[in-house]
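J.: generate a structure from the sequence data that follows.
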Amino acid sequence: GRTSSFAFKDRQEDLRSIGQTLGVDHILEGSVRKAGDKVRITAQLIQAEDGFNLWSETYDRELDDIFAIQDDIATRILEALTIALEVTPNVTGVTPLNVADYNKFLMGRQLMRERREGPLQQAAALLAEVTESEPEFAPAWAERAITILLLRDDLSAYGSIPFEEAMTLAGEYLERARALDPDSPEMLAGYGLYYDNRSQRELAIQYLQQALDINPNLTDARNWLWRLLWQLGRFQEAVALSEETRERDPLYLPTATNISFDYLVLGQEEKQAEHYAQIREQLLAVDEARVREVETALYMMRADYAAAVKTHRPTDRSEDLWSWVRALNLVALGEPEAASRMAAGTSLEVLGLAQAGKLEEARMIAAPLLAEGQGIRDYMEALATNGEHEELVQFFDERWPSLEDFEAQVVVKGLATGLPLGHMVEALRATEDLARADRFLERFGEVLEASNREGVNNHWHTFSEAYHATLLGDAEAALGHLSAFVDAGHFLPPDFTSQYRTFEFLRGDTRFEGLLAQMTERLNQQRAELDLPPYEERLSG
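T.: Have a look, this model is predicted:
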């Protein structure tokens, strides 16, 4: 894959090490040098195991038609590979483009892959110049649409373009690309991302699969498809896709993280440890800060929240998503107000303030986020945490015409499976809407069962099963699931029952009190690692 291959650009690395990292037997490397209107391109095929040069060639050309040069040299190299490696050449034509615009297109596409607001804005400007100068070049319209979608203003993106404005612009650019080339894989992938953001998941999957049928090496499309499979709870398909993507592009960071989540969700601890050992050295060679991001996620998965907090460095990038992720560790350690400060501007600031007893302030922070369709799940949890049942029901009724629409937008599967459904059960019961409460409770159980059939086995899911059991009034099942949660090394603050009130009926049971004691001990051990006082002292002020 491009990400993995270009990780070694301009670096003096041992070829055997590169071959091992990428999982390849042969390496094709080369260089391009330009002088005035002339270009010299060199290429050589090397055996990774011993560095033996199987073939090499130098090409001198007049720089008048870059695409003709590409086709010519690609054909010659593939012909050489046919002899050396028994590879069959497959060369397709491309739309002519002048050198200056093609340079802008390549630079824009590369900047887009950095996934940061500044480079994405530069990419958008460069691609806009290309589409203005060469309006018949379909790939530029498709990449421009994807860049705009990545610049939208929400937690899963990287910019500040209002959601509807970004969607409108991207839709226009994708239509231009489709009119020019209805089989463009970049255009199809762009539509996949577009419909994903419209919550039309099945349609998004259809487009992404079409794109990958044409070009299986579109790693971004693979990443977006993985996310959709996850949202739909199709975890077996998701992990298979992640493993295949890792083989194609082992240094692609999203997959490095995604597959860790796959293994966690499915309880495959040995595979998870093996994967981390494999990617650590590879990613250290690319970006040490990104290794810490992967480590942060892994520590959280293992409930080592103190280690996750210590892993982060002030010099690391402070994008919204990672500020939000790191703040989750502080919430887990019983420091919601500190978490809200770290996650300022994100939905977790709302939840942190609410858990710290500052609901009115949380409401003010939430208002602009909700207006953009962001932070819905955290806001609902904030209301549930504070027992605002009537407001929670009203919030639901104003937003979703049906349970199915609510589930598609809000309910997470696999991790903390279905918790918003449980919060709604409590709220509907409190407002005496018992018929709807029963339907939400039934659906909560169905979502849990579907995840179990997919092989889900992790501590957040186990806690969801315990919560569901308390809503059913099944003390034995609730204690069984909670015991499994604690036995696996996980914990919650001892006053978690103020957030999940249905656990209160277990008070007085010695087994439940013993589990609370174990969780409190574990919590305080991690708080001590961060020089925080015991949790009980924090509560007492």
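
J.: what segments of the stretch 51-200 of the chain are helices?
T.: Counting by DSSP state H, counting those that start in this stretch, residue ranges of the helices within the stretch 51-200 of the chain are 66-85, 99-112, 117-133, 138-150, 163-180, 185-197.

J.: check which helices and strands the first one sits against.
T.: Same thing as helix 66-85. strand 26-35, strand 38-47, strand 53-62, helix 99-112 (3 or more C-beta pairs under 8 Å, 6 or more residues apart in numbering; DSSP states H and E). In short, each C-beta sits where N, CA and C put it, glycine included.

J.: in a markdown table, list those along with distance to R234.
T.: Listed next are the helices and strands packed on helix 66-85 as a markdown table, based on distance: least, C-beta to C-beta, whole Å:
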| stretch | distance to R234 |
| --- | --- |
| strand 26-35 | 36 |
| strand 38-47 | 40 |
| strand 53-62 | 43 |
| helix 99-112 | 28 |
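
J.: okay, those in a markdown table with distance to K310, mean pLDDT and mean neighbour count next?
T.: Putting those into a markdown table (distance: least, C-beta to C-beta, whole Å; pLDDT from 0 to 100; neighbours: other C-beta atoms under 10 Å) gives the following:
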| stretch | distance to K310 | mean pLDDT | mean neighbour count |
| --- | --- | --- | --- |
| strand 26-35 | 38 | 86 | 13 |
| strand 38-47 | 42 | 88 | 17 |
| strand 53-62 | 47 | 86 | 13 |
| helix 99-112 | 32 | 87 | 18 |
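
J.: right, so of the ones you listed, which gets closest to V350?
T.: When those are compared by C-beta to C-beta, helix 99-112 sits nearest V350, at 30.4 Å.

J.: starting at the chain centroid, how far to that closest one?
T.: 26 Å (C-alpha atoms, centre = their mean, to the nearest Å).

J.: what does stretch 522-532 give?
T.: With C-alpha atoms, centre = their mean as the basis, stretch 522-532 stands 29 Å off its chain's centre.

J.: repeat for stretch 8-16
T.: Using C-alpha atoms, centre = their mean, the distance between the centre of stretch 8-16 and that of its chain works out at 29 Å.

J.: please apply the same query to stretch 147-156.
T.: The mean C-alpha position of stretch 147-156 is separated from the chain mean by 13 Å, C-alpha atoms, centre = their mean.

J.: quick one: contacts of that stretch?
T.: 108, 112, 115, 117, 120-121, 123-124, 127, 157-163, 166-167, 169-170, 173, 190, 193-194, 197, 320-321, 324, 346-347, 372-375 (C-beta atoms under 8 Å, 6 or more residues apart in numbering).

J.: and the buried ones among those, selectable in PyMOL?
T.: To isolate the buried members of the contacts of stretch 147-156 in PyMOL, using 16 or more other C-beta atoms under 10 Å:
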select buried, resi 108+112+115+117+120+121+123+124+127+157+158+159+161+163+166+167+169+170+173+190+193+194+197+320+324+346+347+374+375
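
J.: list the contacts of G159.
T.: Counted by C-beta under 8 Å, 6+ apart, G159 has contacts E117, L120, Q121, L150, L151, R152, D153, A166.

J.: for it, give me phi and psi.
T.: phi -130, psi -160 (degrees, to the nearest 10).

J.: same deal with A277?
T.: The phi/psi pair for A277 (degrees, to the nearest 10) reads phi -60, psi -30.

J.: quick one: the closest residue to P420 other than its chain neighbours from D304, how far?
T.: Using C-beta to C-beta, 6 or more residues apart in numbering and skipping the chain neighbours, the partner closest in space to P420 is V410 (5.1 Å). Applying C-beta to C-beta, to the nearest Å, the value for V410 to D304 is 28 Å.

J.: can you check E269 too?
T.: Taken as C-beta to C-beta, the span from E269 to D304 is 13 Å.

J.: quick one: low-confidence parts of the protein?
T.: Scanning the chain for pLDDT under 70 picks out the ranges 1-3, 6-7, 10-11, 86-97, 155, 282, 285-287, 290, 313-323, 537-541.

J.: burial count for L434?
T.: Neighbour count for L434, taken as other C-beta atoms under 10 Å: 10.

J.: correct me, but it touches L428?
T.: Yes: L434 is within contact range of L428, at 7.3 Å (criterion: C-beta atoms under 8 Å).

J.: so what sits against both of the two?
T.: Shared contacts of L434 and L428 (C-beta under 8 Å, 6+ apart): none.

J.: pretty sure I259 sits against Q278.
T.: No: with contact defined as C-beta under 8 Å, I259 does not count as touching Q278 (10.2 Å).

J.: comparing those two, which residue is more hemmed in?
T.: I259 (23 against 14).

J.: helix or strand for the more buried one, which one?
T.: I259 belongs to helix 253-265 when elements are defined using DSSP states H and E.

J.: from the rest of the structure, what touches that helix?
T.: Applying C-beta under 8 Å, 6+ apart, the external contacts of helix 253-265 come out as 3, 219, 222-223, 226-227, 230, 235, 238-239, 242-243, 245-246, 249, 268-269, 271-272, 275-276, 279, 283, 286-287, 290, 293-294, 297-298, 301, 414-415, 456-458, 461.

J.: tell me which of the residues you listed fall in helices.
T.: Among the contacts of helix 253-265, DSSP state H puts 3, 219, 222-223, 226-227, 230, 235, 238-239, 242-243, 245-246, 269, 271-272, 275-276, 279, 283, 290, 293-294, 297-298, 301, 461 in helices.
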